[in-house]
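Student: I would like the atomic coordinates for the input below:
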Amino acid sequence: MSQSSDYEFLLDKISLIFSGFVDMRITENVRETFFLGTNGKIFSHKLRDFGILSKFQAGKEKAYYYSNKTNTLDSSLTRFSRRRETNMGEVEPLPLSPVPIKTAKIDLRDKRILTASFKEYASDLLKDITEFIEGNFKDRVRINSRLILNESDNKYFSSEGMQIEAQSLSLVLVIDLFVNTPVGELKFSTTIGGTTLDSVTWVKVVKSLNLFIDDVKSLNFRRSVDIDRGDILWSHDATWTLFHETLGHALEGDTVVKNQSFLRSSMGQKIAGSEISISDVKSLEHLTWYGYDDEGVKSGGVNLIEEGILTNYLVDRESSFQLKLPLTGNSRAGLSFEIPRPRQSNLVLEPGDFKEDELLSEVKSGMYIIDVPQAQINVATGEFILSPNLIREVKDGELGELLAPIRIRGNVGNILNKQFQITRSLNSRPVICEKEMDPVIVGSVSPSVKISNVALTRKDMELTLR
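Tutor: As a prediction, this is how the structure comes out:
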């Protein structure tokens, strides 16, 4: 890890900068992935990602320079200085955090994970998972499980005098099951994890796996969808996937600034029913948790939709400046060479007042969407396509047969105007979200919901919600 002397070295360089805004992010991520070999022995693969990303801004000129060595900083400054001389515009430094912090140190590591016995813990856990799956499925299932430990050491400082150091750990268990069915091999995935060893326990593993074991065992008995109108129940995970993909990405400030979001002109307008309230929270200990974002802005919660009214976007410094909105602490990058941009952290749909069995009992005809591993969204129009693995028919308040795989198409603007009933229970788990090939860990925190009286139009292998 970089030593404190690196700060002094880099701050001396910053003092030589002409008028303008300069910030730098020093990132070191060490990711170790543990997995079982075919012989049952534990193996691990370690990757180290180190780099310095510098941003220089003066007037309308802006440039980013990346290096994985501190001694190349001089050339970065020299190149930008030459560019600056050819365009001597007015200096427009971007705003600092509403509460400027000169120095801060944050350590969010669980020291127990760093003990020498962790490899043994990983080995026992992965072996137990394999035995549990094989005991339930015999030869019908292929399993790929891995435990990912990521240690991050981030340093941020700017020409405005800010200096922040943050250290954190994340632990994520990924379980992929590949199931042989008459329609081919289907993949089912689940993730468990957080920032402490307590985030991944055997009780949580068994609970997660048991959620779809019975359904997987029944895959041979599925039939096609023949419903033309009804209520749709969405599991906790399916609900979060719907809102994360369709709303979360459309609310990210860089998308709004580029006029690529269907919500770009909707600030202050009612875009959903009054039962819909959504926030983005950074301080959930067992999911995504950071004190400052990758531009040195203090993190906190931000209300995005309040009782159906759009009240905010997720912004970084630049989109905050252009949209004239307060900073939200959502500038994130997963890799050292990626430019931080607005990203979700823990997107939370506020729970309602219903129990899950209450929602089920009210459905006369409809379906229950359980597992959605793939989703596509056109953020400019709100059009989406979901590819659920598991859908069950619902008839007279009872779960019925599994339905054949089908893609679900719709427009989130139309869906949000339907009647929603939301459960009071919340489920949470970590999810790896990729935006422009840059992965960050986000939190899936969601109740389950029922959307009433939806018209369904089937064409070939697609079902359109209207």
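Student: Just the helices from this protein, written as ranges.
Tutor: Under the criterion DSSP state H, helices of the chain are mapped to 4-14, 73-85, 118-137, 202-217, 236-243, 253-257, 317-323, 356-361, 412-416.
Student: what is the rounded mean pLDDT of the fifth one?
Tutor: Confidence over helix 236-243 (mean pLDDT, whole number) is 94.
Student: got the contact list for that helix?
Tutor: Here helix 236-243 makes contact (C-beta atoms under 8 Å, 6 or more residues apart in numbering) with 234, 278, 347, 349, 369-372, 375, 384, 386, 388, 412, 415, 425-427, 429, 431, 444-449. C-beta: built from backbone N, CA, C; applies to glycine.
Student: Next one: the residue lying closest to residue 104 once chain neighbours are set aside from residue 121, what distance?
Tutor: Excluding the flanking residues, the one nearest residue 104 by C-beta to C-beta, 6 or more residues apart in numbering is residue 164, at 4.7 Å. Look at residue 164 and residue 121: by C-beta to C-beta, to the nearest Å, they are 32 Å apart.
Student: same question, residue 109
Tutor: Distance of residue 109 to residue 121, given as C-beta to C-beta: 16 Å.
Student: What of residue 438?
Tutor: Where residue 121 is concerned, residue 438 sits at a distance of 30 Å (C-beta to C-beta).
Student: now residue 57
Tutor: Residue 57 is 46 Å from residue 121, where distance means C-beta to C-beta.
Student: So these two - more neighbours on which side?
Tutor: residue 57 (22 against 16; other C-beta atoms under 10 Å).
Student: okay, now the domains of the protein?
Tutor: 4-221, 229-465 (automatic domain parsing).
Student: ranking those domains by burial, who's on top?
Tutor: Ranked by mean neighbour count, those are led by domain 229-465 with a mean of 19 (mean count of other C-beta atoms under 10 Å).
Student: Between the two ends of that one, what distance do you get?
Tutor: Taking C-alpha to C-alpha, to the nearest Å, domain 229-465 runs 9 Å from one end to the other.
Student: Give me the distance from that domain to the chain's centre.
Tutor: Relative to the centre of its chain, domain 229-465 is centred 10 Å away, using C-alpha atoms, centre = their mean, to the nearest Å.
Student: cool, stretch 38-45 as well?
Tutor: For stretch 38-45, the gap between its own C-alpha mean and the chain's C-alpha mean amounts to 29 Å (C-alpha atoms, centre = their mean).
Student: swap in stretch 224-241?
Tutor: Distance, centroid of stretch 224-241 to centroid of chain: 22 Å (C-alpha atoms, centre = their mean).
Student: Same check on stretch 190-205?
Tutor: Remark: stretch 190-205 is offset 17 Å from the chain centroid, using C-alpha atoms, centre = their mean.
Student: can you list the residues that contact that stretch?
Tutor: In contact with stretch 190-205 (C-beta under 8 Å, 6+ apart) are residues 108, 110, 112-113, 121, 125, 128-129, 132, 147-148, 168-175, 208-209, 211, 285-287, 289, 429-432.
Student: list the contacts for residue 276?
Tutor: 305, 307, 308, 349, 350, 416, 420 are the contacts of residue 276 under C-beta under 8 Å, 6+ apart.
Student: one more time with 6 Å, if that's ok
Tutor: 305, 308 (C-beta atoms under 6 Å, 6 or more residues apart in numbering).
Student: phi, psi of it?
Tutor: Backbone torsions of residue 276, given as degrees, to the nearest 10, read phi -100, psi 110.
Student: follow-up on the earlier one: let me have the helices of the chain in JSON lines, extended by distance to residue 299.
Tutor: Below are the helices of the chain laid out as JSON lines (distance: least, C-beta to C-beta, whole Å):
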{"stretch": "helix 4-14", "distance to residue 299": "22"}
{"stretch": "helix 73-85", "distance to residue 299": "27"}
{"stretch": "helix 118-137", "distance to residue 299": "28"}
{"stretch": "helix 202-217", "distance to residue 299": "26"}
{"stretch": "helix 236-243", "distance to residue 299": "20"}
{"stretch": "helix 253-257", "distance to residue 299": "15"}
{"stretch": "helix 317-323", "distance to residue 299": "14"}
{"stretch": "helix 356-361", "distance to residue 299": "32"}
{"stretch": "helix 412-416", "distance to residue 299": "27"}
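Student: Out of the ones you listed, which is closest to residue 397?
Tutor: helix 356-361 (4.1 Å; C-beta to C-beta).
Student: Distance of residue 160 relative to residue 333?
Tutor: 20 Å.
Student: Residue 164 now?
Tutor: Taken as C-beta to C-beta, the span from residue 164 to residue 333 is 15 Å.
Student: Which pLDDT does the model give residue 138?
Tutor: The model's pLDDT for residue 138 equals 72.
Student: so what's the backbone phi/psi at it?
Tutor: Dihedral angles (degrees, to the nearest 10) for residue 138: phi 60, psi -120.
Student: I figured residue 441 was touching residue 430, is that so?
Tutor: Yes. Between residue 441 and residue 430 there is a contact under C-beta atoms under 6 Å: 5.3 Å.
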